[in-house]
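Asks: Sequence and predicted model, in that order:
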Amino acid sequence: MTDSLLRRAQHSLAPLQRREIEAALAICAADPVAAVVPAMHLESALRSGHLSAGLWAVRRRAGLGRELTGVVWNGANFTAILPPADELSEDGQRADVAAGAVSRLARPAAMVGPAEITLDLWGRLEPWWGPARELRPRQVSMAINGSARHVRPLDGSAFGLEAVRRATLDDYDDLLPACVHMFIGEVGYDPMRHGRVAYEDRLRQLVRTGRAFLQYGTVEGRRAVVFKSEVGALGGGVAQLQGVWVHPSLRGRGLARAGLAAVIEGVRATLAPTVSLYVNDFNAPALAAYDAIGFERVGEFATVMF
């Protein structure tokens, strides 16, 4: 890393330009599941004409000019879409990207993306961005391009189960506690104490745009949300599910499988043909549920949390 700061870089990390949006989308299209987050922001820029400050271009010297070779999203999370290692030339693209990140980017809340790229960059960035609060080096990236496998209908009479459906703003006060419970368990801190306004704004936006799904049931005699999930990222024909959650008192009864099958049907009908998610490799119950309904394992992700 130190050497890369001293030598003349062959690659640059600089704000993406409007004229590069189509080329950047083409780079993302090479692996749309891995690149769903940058693709989402690029498509938004194409529709609105507003280019987010979080979009960065990786350019390589080519004669007297430069050519686009990678895309970086740096918002709440950092995601880099770069060529695989066997395509790298000797001029050290990843070293140049890391050096550019140190000098030009604020440290995000997390680094998330394809494991091989993310962990390589983290190894270079750790002296400047570390220490990490938590490192999750092996997360299974999964996707489904068709209907979910048939899931035996649940006998919901004992739990007062209602149909899985899109949330509305009328559900917000019931949905929020479920989302916070999931977030604390998955990320490790309470978003209502750290960044509450941004967290609630994002959840309301997901609800307004039809990207939050839930199911009501009866828990201890009271009507409550018992299953929920959101489409956290949507771009490049891919809808990435996030926040899959089942009420703790009803886990192990098949609600996740049945709920996700219904979500997949709804998402593919109106949002995107491919549904994806990623899950920690040690989460055996979740992996079993996702395998059972037809998700295929398509890659590995890694997450570095600060």
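Replies: Received, thanks.
Asks: What is the burial count for residue 15?
Replies: 13 (other Cβ atoms under 10 Å). In this view, the C-beta of every residue, glycine as well, is placed from N, C-alpha and C.
Asks: what's the burial count for the closest residue to it other than its chain neighbours?
Replies: With sequence-adjacent residues excluded and distances taken as Cβ to Cβ, 6 or more residues apart in numbering, residue 15 is closest to residue 56, at 6.1 Å. By the criterion of other Cβ under 10 Å, residue 56 has 25 neighbours.
Asks: Please identify the helix or strand for residue 56.
Replies: If you go by DSSP states H and E, residue 56 is part of strand 55-62.
Asks: wait, doesn't the residue nearest to residue 15 sit right on residue 78?
Replies: No - Residue 56 is not in contact with residue 78 according to Cβ atoms under 8 Å; the separation is 9.7 Å.
Asks: what's the overlap in contacts for the two?
Replies: Listed as contacting both residue 56 and residue 78 by Cβ atoms under 8 Å, 6 or more residues apart in numbering are 72, 105.
Asks: pLDDT at residue 126, what is it?
Replies: pLDDT, residue 126: 98.
Asks: All the helices of the stretch 151-300 of the chain, residue numbers only.
Replies: Taking DSSP state H, counting those that start in this stretch, the helices of the stretch 151-300 of the chain run over residues 172-187, 196-208, 255-270, 284-292.
Asks: Need the winner for burial among those.
Replies: Mean neighbours per residue, mean count of other Cβ atoms under 10 Å, is largest over the helices of the stretch 151-300 of the chain for helix 255-270, with a mean of 20.
Asks: Wasn't residue 128 part of a strand?
Replies: No - applying DSSP: H, G, I helix; E, B strand; the rest coil, one finds residue 128 to be helix, outside a strand.
Asks: Where does pLDDT dip in this protein?
Replies: 1-8, 85-91 (pLDDT under 70).
Asks: on that earlier part again, distance to residue 109 for the helices of the stretch 151-300 of the chain - can I get that in CSV?
Replies: Below are those laid out as CSV (distance: least, Cβ to Cβ, whole Å):
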stretch, distance to residue 109
helix 172-187, 9
helix 196-208, 11
helix 255-270, 26
helix 284-292, 23
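Asks: Tell me which of those lies nearest to residue 28.
Replies: Ranking these by proximity to residue 28 (Cβ to Cβ) places helix 255-270 first, at 19.3 Å.
Asks: Keeping just the C-alphas, turn the closest one into CSV.
Replies: The C-alpha trace of helix 255-270 is given here as CSV (Å, rounded to 0.1, in the frame of the first residue of the first chain):
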residue,chain,number,x,y,z
LEU,A,255,-42.7,-19.3,8.2
ALA,A,256,-39.5,-18.1,6.5
ARG,A,257,-39.9,-20.6,3.7
ALA,A,258,-43.6,-19.9,3.1
GLY,A,259,-43.1,-16.2,3.5
LEU,A,260,-40.1,-16.0,1.1
ALA,A,261,-41.9,-18.0,-1.5
ALA,A,262,-44.7,-15.4,-1.5
VAL,A,263,-42.2,-12.5,-1.5
ILE,A,264,-40.4,-14.0,-4.5
GLU,A,265,-43.7,-14.3,-6.4
GLY,A,266,-44.6,-10.7,-5.7
VAL,A,267,-41.1,-9.3,-6.5
ARG,A,268,-40.8,-11.2,-9.8
ALA,A,269,-44.2,-10.1,-10.9
THR,A,270,-43.6,-6.4,-10.4
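Asks: This completes my enquiry, with thanks.
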